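*Asks:* quick one, what's the 3D model for this:
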Amino acid sequence: MRILFDPVKKYAETTPKRTALGCVETGRRWTWAEFDAAANRIAAWLVDRYGPKSTVRIALLAKNHPNIAILQFACIRAGAILVPYNWRLAQSEILELMQDAQPKVMFCDQDFKFDALNDVVEVMALTDVETLGTEGAVPPADARQEWDQPSTLLYTSGTSGKPKGVMVTEENAFWGNSNFGLGSLLSYESSFLCDMPMFHTAGLFAATRVPILFGGTVWISSGFDPAKTIERIASPELKITHYFSVPQMATTLWQHPDFTPEKFAGLKMYVTGGAPNSRAQIERFAKAGIRFSDGFGMTETGSNFAMPVLDVERLIEKAGSCGIPLMTVQARIVDEDGNDVTQGEVGELYIRGPSVTPGYWNQPEVTAKSFDNGWFKTGDAARRDEDGFYYLVDRKKDMYISGGENVYPAEVERIIVELGDIADVAVIGIPNERWGEVGRAFISLKSGSTLTEQAIIDHCLKRLAKFKVPASVIITDQVPRTPSGKVQKHLLPRD
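*Replies:* Numbering: from 1, shown residues only. Model prediction:
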């Protein structure tokens, strides 16, 4: 059965004059009717260029703007695939991702444009979304892909060091967004402030597509600014009811001189994710009367996994938990042989449900290894208590999170080894008050090398996004390894 699900079209028919999208910097608003017409215009332009159901990749390298939401729905209606790239990445990293996705056109902010882009893709400005195509144009209804086919590619680093393009279908999006919305009190009266970058699942889906699904309003900012965020959440005009951030952003807001709990009184839900949240922070917000939740999700699982706790006393009681699985999410905790563990025992978290990705772009072997009879293997160690609440005990092997960004040491190590004088290297995450964690590289040099710590950092700055660059480098005689050659990272100092 062919499913043609399109909330923008439906709300354009039922509530055409209500505000769907807003830009907080300019104050400009798009009604549902205007949103629908703009998406149709761009979709028709894409079909004219590439044909229906083309699966052509449309790249994006830009800061947050309502045009991104318009472009995504245009791609859905045209049968194209949106590929947002992290503008924080180094140019060489972006080019590597483009080599994988092979986009035909890129919508790019002027600040992020670089000469090499013109050699591999047609570059347009994101503002061109407002003028391309013919007013009133409508794409053919059969231009869409089936809803179980990819409509978005979101790149996430892999433990092998090679980035992976997570395929997100509209089926994944519908169920993932439904899960989030039902668990976070979304409705057509909701007003969501999106500060999270829209190249991430949290910004593009949790903070944007979720309120779109429920017929609410999305107010999109170009990025997080604590003073402005506080002002916007407190604004009687914007009437913000929902906000999502990483825990480090929540800490920054709480510590800001402009913050008072009363300014967040209009929030129905403040959701955090992307990194572990401390019990102390959960208690601070909850006791201040702010409905606060700490969740867990992955790009591969539709951005979310567990329901937030709405009762304040229980929220504090279960602080440290990522909650109970959402409406359409099933979970298991298994041992190394794939057998279910007993209650309270630690094992690997497996997830199954319609929000889970079908796999990784151009990586069938990695996809096959990531699933076990339909269950997605998260690689995260977890346990479940007697009430069914899940707790993450550890994260994916070796990965650390810096300012809400996943950093995989294998990727950083691969870049460091490019320097010819490196005999061995191991990168770990260490605690950091501002960023949660930052990288530390332990390096043994080849005999006679004069390579300095600063030279290694400078090399990384040229080849990696800044958040991936180790904050410190320690030159050591030997990186500890087991007899089988595995690095013993637990022996490396983290203080």
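
*Asks:* can I see the domain layout of the chain?
*Replies:* The chain breaks down into these structural domains: 7-317, 400-491 (assignment by automatic domain parsing).

*Asks:* any idea which of those domains scores lowest on pLDDT?
*Replies:* Looking over these, mean pLDDT reaches its minimum on domain 400-491, with a mean of 88.

*Asks:* looking at the domains of the chain, spot the one closest to Ala382.
*Replies:* Taking CB to CB as the criterion, Ala382 comes closest to domain 7-317 out of those, the separation being 8.9 Å. Glycine gets a C-beta too; all of them are placed from N, C-alpha and C.

*Asks:* tell me how far the ends of that closest one are from each other?
*Replies:* 38 Å (CA to CA, to the nearest Å).

*Asks:* that one: how far from the chain's middle?
*Replies:* Per CA atoms, centre = their mean, to the nearest Å, the displacement of domain 7-317 from the mean C-alpha position of its chain is 9 Å.

*Asks:* what's the closest residue to Asp421 other than its chain neighbours sitting at in phi/psi?
*Replies:* Beyond its immediate neighbours in the sequence, the residue positioned closest to Asp421 (CB to CB, 6 or more residues apart in numbering) is Ser449, lying 3.8 Å away. According to degrees, to the nearest 10, the main-chain angles of Ser449 amount to phi -70, psi 140.

*Asks:* any idea which of the domains of the chain is most buried?
*Replies:* Taking mean count of other CB atoms under 10 Å as the contact definition, the stretch among these with the greatest mean neighbour count is domain 7-317, which reaches a mean of 20.

*Asks:* still on that earlier bit, now the residue nearest to Asp421: how far from Val427?
*Replies:* When CB to CB, to the nearest Å is the yardstick, Ser449 and Val427 sit 19 Å from each other.

*Asks:* ok, now Trp375?
*Replies:* Note on Trp375: its distance to Val427, by CB to CB, is 30 Å.

*Asks:* what does Phe107 give?
*Replies:* Computed as CB to CB, the Phe107 to Val427 distance reads 33 Å.

*Asks:* all helices of the stretch 51-200 of the chain, in order?
*Replies:* Per DSSP state H, counting those that start in this stretch, the stretch 51-200 of the chain has helices spanning 66-78, 91-101, 170-183. These are given in chain order.

*Asks:* please apply the same query to the stretch 201-350 of the chain.
*Replies:* Shown for the stretch 201-350 of the chain, the helices assigned by DSSP H, counting those that start in this stretch span residues 201, 210-213, 226-234, 247-255, 279-287, 312-317.

*Asks:* can you lay out those helices as a markdown table showing distance to Glu135?
*Replies:* As requested, the helices of the stretch 201-350 of the chain are exported to a markdown table (distance: least, CB to CB, whole Å):
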| stretch | distance to Glu135 |
| --- | --- |
| helix 201 | 32 |
| helix 210-213 | 22 |
| helix 226-234 | 32 |
| helix 247-255 | 39 |
| helix 279-287 | 46 |
| helix 312-317 | 49 |
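
*Asks:* ok, now how distant is the residue lying closest to Val487 once chain neighbours are set aside from Val417?
*Replies:* If the residues on either side of it in the chain are set aside, Val487 comes closest to Ala426, at 4.7 Å by CB to CB, 6+ apart. Between Ala426 and Val417 the distance is 11 Å, computed by CB to CB.

*Asks:* and Cys23, by the same measure?
*Replies:* Separation of Cys23 from Val417 (CB to CB) stands at 44 Å.

*Asks:* for Tyr390, find the nearest of the domains of the chain.
*Replies:* Judged by CB to CB, the one of the domains of the chain that comes nearest to Tyr390 is domain 7-317, at 6.0 Å.

*Asks:* the strands in the stretch 201-350 of the chain, which residues?
*Replies:* Assigned by DSSP state E, counting those that start in this stretch, the strands in the stretch 201-350 of the chain fall at 217-220, 242-245, 269-272, 292-294, 306-307, 324-325, 330-334, 347-352.

*Asks:* and the contacts of the first one?
*Replies:* Same thing as strand 217-220. Residues outside strand 217-220 that contact it (CB atoms under 8 Å, 6 or more residues apart in numbering): 18-24, 64-66, 68-69, 190-194, 198, 207-208, 211-212, 232, 238, 240.

*Asks:* and the second one, by the same measure?
*Replies:* By CB under 8 Å, 6+ apart, the surrounding residues in contact with strand 242-245 are 184-186, 190-196, 202, 206-207, 211, 216, 224, 229, 233, 253, 267-273.

*Asks:* just the third one next, same as before
*Replies:* Strand 269-272 is contacted from outside by 184-185, 206, 241-247, 249-250, 264, 285, 290-295, 308, using CB under 8 Å, 6+ apart.

*Asks:* sheet-wise, list the partners of that strand with their directions.
*Replies:* Taking DSSP bridges as the criterion, strand 269-272 sits next to strand 242-245 (parallel), strand 292-294 (parallel) in its sheet.

*Asks:* do the first one as well
*Replies:* Strand pairing for strand 217-220, determined by DSSP bridges: strand 19-23 (parallel), strand 191-194 (parallel).

*Asks:* just checking, Arg463 touches Gln91?
*Replies:* No. With contact defined as CB atoms under 8 Å, Arg463 does not reach Gln91; the gap is 9.4 Å.

*Asks:* re earlier: nearest to Gly436 among the strands paired with strand 217-220 would be which one?
*Replies:* When the strands paired with strand 217-220 are ranked by proximity to Gly436, the top entry is strand 191-194, at 21.3 Å, counting by CB to CB.

*Asks:* using PDB, write out every CA atom in the closest one.
*Replies:* Taking only C-alpha atoms (Å, rounded to 0.1, in the frame of the first residue of the first chain), the coordinates of strand 191-194 have been written out as PDB:
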ATOM      1  CA  SER A 191       5.600  26.500  20.100                       C
ATOM      2  CA  PHE A 192       9.000  24.900  19.800                       C
ATOM      3  CA  LEU A 193      12.300  27.000  19.800                       C
ATOM      4  CA  CYS A 194      15.000  25.300  17.700                       C
END
